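Q: need coordinates for the following:
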Amino acid sequence: MTTERPLVVLSGFLGAGKTSLLSRLARAGSLDGTLVLVNEAGEVSIDGALLRSARAEVVDLSGGAACCLYDDEDDLLAALSSAATRPEIRRIVLETSGLVHPAGLLDLLSAPACAALWTVTGFAVVVDVPRAASYLARFEEARAQVRMADRVAFTKVEDLASSAAQDAKRVVQALHAHLSDPVLAGAEVADLGNWLWAPRALPWPASPPSSHEHAEVFSLSLVDYAAYDVARVLAVLGQHLSRLLRVKGFVHVAGKRERAFLEWAGPQFEISWGESFGRSQPRTELVVIAAGDEAARSALEASLRACRYRSL
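A: Numbering: from 1, shown residues only. Below you'll find the model as predicted:
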């Protein structure tokens with residue numbers, strides 16, 4: 001028998017702002033009683049670390065797009081089953097990889113073993129307004145996320161009446177004419193919480209395709225205890241801008257006890273100084289997602305590892 005315990009899928013293309021939205025809710029206490037399942041394309045859970053810093057309760061499902069990594073349902077089902085035994089967990093948010101294709105994911109969540117534990121009550125999608133037209137034109141995964149959604153939040157824009165927001169709205173509505181008007185990710189926390197947990201107002205699309213192919217992209221997870229020259233890291237990444245889709249992670253910089261947080265989702269790299277490594281051994285944990293094959297991935301990894309700090 002299906003329970004009334006809700007599960008909301010939070011999707012959106014790489015760098016759209018899913019983790020930032022959830023972090024805002026967590027810091028305000030709006031995710032109390034909520035378990036966040038985080039699926040990332042890389043082997044290192046950067047989003048999970050960021051959400052824990054915001055005091056969210058997180059289970060990592062890292063290592064690939066959820067729709068493909070969990071075809072046998074074992075890991076996802078184990079997380080859902082464990083959460084169902086904990087009375088303090090009243091609801092779940094599944095934050096997907098930006099490369100997830102929702103057809104495969106919903107196949108998993110609608111399987112009897114999963115559906116008996118948690119009820120999918122919404123499919124929310126986050127849209128990066130400045131980049132929306134570009135990635136929606138280029139990637140079927142991004143288009144499929146919009147087509148499956150029943151609610152949308154716009155990021156990186158301050159005013160829904162702006163020309164950029166109106167352009168993004170037209171692009172989104174061309175894919176999903178019945179999708180409700182967007183909300184701003186910068187809205188009041190209470191309004192965002194109501195948006196996230198509102199009952200699904202639209203029916204699920206009839207018979208979504210269960211098979212799909214991903215674009216040719218690679219995920220590079222760089223984990224290293226050596227200190228890095230962050231200027232050289234930026235120089236190497238800058239040489240690959242045309243193929244980059246997402247860069248996010250922590251860099252161990254020589255002479256610094258706090259970790260540098262490096263992020264790129266276009267148009268420019270951003271570096272901020274985050275928490276101290278504390279008693280933990282400092283290390284770099286950087287995930288790069290880019291277009292290309294295994295040879296391109298190996299070449300980029302070699303170039304990045306050559307950026308280890310060398311004292312004169």
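
Q: I'd like to know which helix or strand in the chain has the lowest mean pLDDT.
A: Least confident helix or strand, the chain: helix 66-69 with a mean of 49, by mean pLDDT, DSSP states H and E.

Q: which residues of the stretch 151-300 of the chain fall in helices?
A: Assigned by DSSP state H, counting those that start in this stretch, the stretch 151-300 of the chain shows helices spanning 163-175, 189-197, 230-238, 294-305.

Q: what residues of the longest one count as buried?
A: In this case it means helix 163-175. 164, 165, 168, 169, 171, 172 (16 or more other C-beta atoms under 10 Å). Where you see a C-beta, it was placed from the backbone N, CA and C, and this is true even at glycine.

Q: so the fifth one is in contact with residue 135, correct?
A: Going back to what we said before, that points to residue 171. No. The criterion here is C-beta atoms under 8 Å, and residue 171 misses it with residue 135 at 10.1 Å.

Q: am I right that residue 104 is in a helix?
A: Yes. The assignment for residue 104 by DSSP: H, G, I helix; E, B strand; the rest coil puts it in a helix.

Q: so what pLDDT did it get?
A: The score at residue 104 is 82. That number is its pLDDT.

Q: how many residues are close by it?
A: 22 (other C-beta atoms under 10 Å).

Q: where's it relative to residue 16, distance?
A: 19 Å (C-beta to C-beta, to the nearest Å).

Q: residues in contact with residue 190?
A: residue 30 (C-beta atoms under 8 Å, 6 or more residues apart in numbering).

Q: ok so, going back, for whatever helix or strand comes next after the least confident helix or strand of the chain, output the C-alpha coordinates as PDB.
A: Next along the chain after helix 66-69, taking DSSP states H and E as the criterion, comes helix 74-84. Extracted in PDB, the C-alpha atoms of helix 74-84 (Å, rounded to 0.1, in the frame of the first residue of the first chain):
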ATOM      1  CA  ASP A  74      19.700  -1.500  -4.900                       C
ATOM      2  CA  ASP A  75      21.300   1.700  -3.600                       C
ATOM      3  CA  LEU A  76      18.300   4.000  -4.100                       C
ATOM      4  CA  LEU A  77      16.000   1.400  -2.500                       C
ATOM      5  CA  ALA A  78      18.300   1.000   0.400                       C
ATOM      6  CA  ALA A  79      18.300   4.700   1.100                       C
ATOM      7  CA  LEU A  80      14.500   4.900   0.800                       C
ATOM      8  CA  SER A  81      14.000   1.900   3.000                       C
ATOM      9  CA  SER A  82      16.300   3.200   5.700                       C
ATOM     10  CA  ALA A  83      14.600   6.600   5.700                       C
ATOM     11  CA  ALA A  84      11.200   4.900   6.000                       C
END
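
Q: okay, the helix or strand following helix 74-84 in CSV with CA atoms only?
A: With elements assigned by DSSP H and E, the helix or strand that comes after helix 74-84 is strand 91-95. Below are the C-alpha coordinates for strand 91-95, written out as CSV (Å, rounded to 0.1, in the frame of the first residue of the first chain):
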residue,chain,number,x,y,z
ARG,A,91,9.7,13.7,3.7
ILE,A,92,12.5,13.3,1.1
VAL,A,93,14.0,15.6,-1.5
LEU,A,94,16.0,13.7,-4.2
GLU,A,95,18.4,16.2,-5.7
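
Q: residue 284 contacts residue 221, correct?
A: No. Residue 284 is beyond contact range of residue 221, at 10.5 Å (criterion: C-beta under 8 Å).

Q: quick one: mean pLDDT for the top strand by length along the chain?
A: Taking DSSP state E as the criterion, the chain has its longest strand at strand 119-128. Across strand 119-128, the average pLDDT comes to 95.

Q: and residue 217, how many neighbours?
A: Residue 217: 20 surrounding residues under other C-beta under 10 Å.

Q: ok, now residue 89?
A: If you count neighbours by other C-beta under 10 Å, residue 89 ends up with 16.

Q: which stretches of the protein have low pLDDT?
A: 1-3, 41-43, 62-73, 206-215, 311-312 (pLDDT under 70).
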